[in-house]
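**Student:** any chance you could fold what I've pasted below:
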Amino acid sequence: MKPAALCGWLCFGLLLGWAPLSAAEDIDQDQALALTERGVILPLQSLIDDALGRYPGRFLEAELEYDDGRYVYELEIVTHDRRVLELEYDAVTGALLDVDEDD
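**Tutor:** Predicted coordinates for the structure are as follows:
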């Protein structure tokens with residue numbers, strides 16, 4: 001498809017309300033605190049406790065994102081056997097969505 005035609009389709013799609021694919025929106029610390037205080041999302045500590053209960057080790061870091069219409073916590077832990085795991089949780093329900101091992 002020629003660049004002009006591609007631009008035409010993209011512009012047409014935007015007019016119809018189609019959003020281009022984009023990365024998840026990072027939620028900063030102040031926004032996360034406000035969401036927690038309003039009861040929109042679970043406190044981070046409850047999910048850290050769950051992650052370490054499932055995979056004993058040490059908590060490394062966490063991020064909160066708004067992705068595909070929901071808030072998602074991404075937690076990174078290192079297990080006692082030195083595996084680094086990234087766990088994704090639904091920040092509203094606390095459901096564990098995915099576990100990936102970092103290389």
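**Student:** going forward, measure contacts and count neighbours with C-alpha atoms only.
**Tutor:** Will do.
**Student:** tell me the spacing between Arg54 and Glu76.
**Tutor:** Note on Arg54: its distance to Glu76, by Cα to Cα, to the nearest Å, is 13 Å.
**Student:** between these two, which one's more packed in?
**Tutor:** Glu76 (23 against 10; other Cα atoms under 10 Å).
**Student:** and the more buried one, which of the three is it?
**Tutor:** Three-state call for Glu76 (DSSP: H, G, I helix; E, B strand; the rest coil): strand.
**Student:** check Ala32 too.
**Tutor:** Assignment for Ala32 (three-state DSSP): helix.
**Student:** do Leu47 as well
**Tutor:** Under three-state DSSP, Leu47 comes out as helix.
**Student:** now it. Nearest residue, chain neighbours left out?
**Tutor:** Spatially, and ignoring its direct neighbours in sequence, Leu47 is nearest to Gly94 (6.8 Å; Cα to Cα, 6 or more residues apart in numbering).
**Student:** ok, the one you found touching Pro43?
**Tutor:** No: with contact defined as Cα atoms under 8 Å, Gly94 does not count as touching Pro43 (9.5 Å).
**Student:** checking the residue nearest to Leu47 next. Helix, strand or coil?
**Tutor:** Gly94 - assigned by three-state DSSP - is coil.
**Student:** could you measure from it over to Thr36?
**Tutor:** Counting by Cα to Cα, the gap from Gly94 to Thr36 is 13 Å.
**Student:** shared neighbours of the two, which are they?
**Tutor:** Common neighbours of Gly94 and Thr36, counting by Cα atoms under 8 Å, 6 or more residues apart in numbering, are Leu42.
**Student:** pull the CA atoms of stretch 87-101 into CSV?
**Tutor:** What follows is stretch 87-101, C-alpha atoms only, in CSV (Å, rounded to 0.1, in the frame of the first residue of the first chain):
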residue,chain,number,x,y,z
LEU,A,87,4.0,-11.7,37.7
GLU,A,88,1.1,-9.8,36.3
TYR,A,89,-2.0,-9.2,38.5
ASP,A,90,-5.3,-7.6,37.8
ALA,A,91,-5.1,-4.7,40.1
VAL,A,92,-8.8,-4.6,40.8
THR,A,93,-9.6,-8.3,41.4
GLY,A,94,-6.1,-9.5,42.5
ALA,A,95,-6.3,-12.3,39.9
LEU,A,96,-2.9,-13.6,38.8
LEU,A,97,-2.9,-13.1,35.0
ASP,A,98,0.5,-14.3,33.9
VAL,A,99,3.9,-15.5,35.1
ASP,A,100,7.1,-15.1,33.0
GLU,A,101,10.6,-16.0,33.8
